[in-house]
Structures are given as structure tokens and as C-alpha cells.
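**Q** kindly return the folded structure for what I paste below:
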Amino acid sequence: MAVRDKIFVPEITKMASDGLNVYEIMEKLSLRKWKVYEICRDYNIILQTKEINLEKARVQTSCSFCNCSIDVIKSVKKFNNYCSEDCKEKFKSANIKGFPSQFPFEGYTWVNKFFQKKMQRWNVIITGPGKKALGMLYSRYLMSVKLGRLIDRKIHVDHINGDPLDDRIENLQLLQGSENQKKYFIQNNITVKKIDLVCSFCNNNFLKNLRDYKAKEGITKNFYCSTICYHSSLKGVSTKK
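**A** Predicted coordinates for the structure are as follows:
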């Protein structure tokens, strides 16, 4: 033991006699655990071991499957942590599950299904010899296999009941991006703020999304109720009969 560590011996001896455990001594003296044990071993200092306060050694993390917040002991924290045995089994079964690829993914031989914690979605990676790996949502893969064709990126695969983890084929449908957004707003009771404006061409009142209005407010002062009015204004067509 280094000579400079001897200055901690009286303090550790007094704290040990007062019944403090190793974690409390580490916190008060800003020492590492192995250093406290080394000093106690060299000077025959007996530490309190019956009641160890593990709360000071706990850290916050998230479940690797459902992403909920959990407390774990710092010394046993792992790369994957789970809030329950159920989440642990679901995570492991999902990440080892693989199956042969189907039409229309010719040339690809294997599909690996896994759960992506950040997106909270089931994903797949499709691999094959001499092929670049494809990554996509599991719901999009199922719909592509059902239809027998690749789905355009502009088309969304929507879950009818609103549960993104329910990838049953009867729960999936194809929607345009705007239709999927409207459905999401209705299911989650999200209201879009609108502003009352006057069309710069036909002088009729109309409603426009407040977000779109603020985005164009500093660029132009002319707003139109429809694309017909917009193109008519460019051509210089008059509204007078």
C-alpha cells in the first residue's frame, strides 16, 4: 500500500467502528471500492457487512424490450436489461427467430426478425449471397409477401387497430401518407390549429393550417384557397365576369 494512503486509515477505522459499510465510506472519502478493501486488509479493519445499502449503488436504465424505466444494481448492469422474465423471453425469442425469404424477394435466402427498441417496432433484415442486405419494418415485409410485389416507399403500411406491435396480416392495410396522418390524428385526439384567411385571388374565406401559414408568412403575402386560384393568379386571369 502506498504511503499516501495511510492518511485514510484513522478515518476508515472510525467510520468502521461507527457501523458504516463500504459504500458509505467510498462516498465520504471519494475512494474506490478496491482501495477501501486494501486498506482494511492491511490494517485489520473490520467493515460492517450485514446491512449493505445497495441503493447508493443503483443506476437508472431502460428495459431492452418494452423500454420502461427500471433500477438495476450498478455492478450487475448488462448490455440488455429487462423489467420482467416475460420481457426477457420475448426479446430473446424475437432476436433469434429467422426464416427463409419468400416471393417477391428473389435472390434473398434468409429473413432475421428483431425488435428495435428505439422505434418500438418489429423489423427484419433480409440477406442473401452476393446481395446487399435489406432492412424494413416487419409489417411492410408481410404485406409485400401477401401482394407479391414490393411496396412503393410513398405508401404506408398502417395498423388498423392502432397497435404498431400487432403485425397480423388482417390488421394491416395500405394508406397514402396524408391518409395515415389523418387517421393518427383522429385516433390520438390531436387537433390541428387552423387560421382564417382571405384568398388573394377570389377573395373567399378559407382555413389553412397554422403551421403552414407561419412557414410561408415571411416568404409571401399571397395565400390561395386552392391550386386553381394559385395557377389562375399566375396566368393573370381575372375573377370579374
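**Q** in stretch 141-159, which residues are buried?
**A** Within stretch 141-159, the residues scored as buried using 16 or more other C-beta atoms under 10 Å are Tyr141, Leu142, Met143, Ser144, Val145, Ile151, His156, Val157, Asp158, His159. Quick note: C-beta positions are derived from backbone N, CA and C, even for glycine.
**Q** residues making contact with the strand or helix carrying Gln173?
**A** Assigned by DSSP states H and E, Gln173 belongs to strand 172-176. Identification of contacts with strand 172-176 by C-beta atoms under 8 Å, 6 or more residues apart in numbering yields Ser139, Leu142, Met143, Ile151, Lys154, Ile155, His156, Val157, Asp158, His159, Ile160, Lys183.
**Q** ok, and for it, which residues are buried?
**A** Buried residues in strand 172-176, defined by neighbour count with 16+ other C-beta under 10 Å: Leu172.
**Q** give me the angle between the next helix or strand after it and strand 172-176.
**A** Sequence-wise, the next helix or strand downstream of strand 172-176 (DSSP H and E) is helix 177-187. Angle, helix 177-187 to strand 172-176, by axes from the mean of the first three to the mean of the last three C-alpha atoms, to 10 degrees: 120 degrees.
**Q** on the three-state scheme, the nearest residue to Tyr138 once chain neighbours are set aside is what?
**A** Closest residue in space to Tyr138, ignoring its immediate chain neighbours: Trp122 at 3.9 Å, by C-beta to C-beta, 6 or more residues apart in numbering. Following DSSP: H, G, I helix; E, B strand; the rest coil, we place Trp122 in the strand state.
**Q** and the gap between Trp122 and Cys199?
**A** Here the criterion is C-beta to C-beta, to the nearest Å. By it, Trp122 lies 46 Å from Cys199.
**Q** what does Asp18 give?
**A** Distance, Asp18 to Cys199, by C-beta to C-beta: 81 Å.
**Q** so what's Tyr43 up against?
**A** By C-beta under 8 Å, 6+ apart, the contact list for Tyr43 reads Val9, Thr13.
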